[in-house]
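Student: have a look at this fold, sequence not included:
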């Protein structure tokens, strides 16, 4: 399970040092793709296969399903981290997420998200208050 917040930097070649506690789980291969809110999603390969199987089960007669699958999969890039735990983030994905040098990497359970640090700080500032005031059940069966 991926947890926590980390602040690695992109190097001049567009490589990101994966947080040390995530490296073993991602060492055999990962997929990085467009996420929502202009971040990147990083999945271990086995988890990405589960996600795509679920997508393939969705009704492709629904335009929203087709649109989502197209955007999600067309930006996907399979990568293998190097011996130092770095992974190359393709230029089109760096551009999509507005990544420059300062990044924030968060664990979200089954996947990792990569954010531009300024974008993450803005997102967090805009959502933390609503989170603390949430009085309804957001995730069914949770708290």
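Tutor: Perfect, thanks for sending it. Note that this is a predicted model, so its numbers are computed, not measured.

Student: find the centremost residue of the chain, please.
Tutor: Nearest to the mean C-alpha position of the chain, by Cα atoms, centre = their mean, lies residue 41 at 1.8 Å.

Student: in three-state terms, label that residue for me.
Tutor: At residue 41, secondary structure determined by DSSP: H, G, I helix; E, B strand; the rest coil is strand.

Student: gap between it and residue 54?
Tutor: For residue 41, the distance to residue 54 (Cβ to Cβ, to the nearest Å) stands at 14 Å. All C-beta atoms are positioned from the backbone trio N, CA, C, and that covers glycine.

Student: circling back: which residue packs closest to the residue nearest to the centre of the chain, ignoring adjacent ones?
Tutor: Distance criterion Cβ to Cβ, 6 or more residues apart in numbering; nearest residue to residue 41, sequence neighbours excluded, is residue 35 at 4.0 Å.
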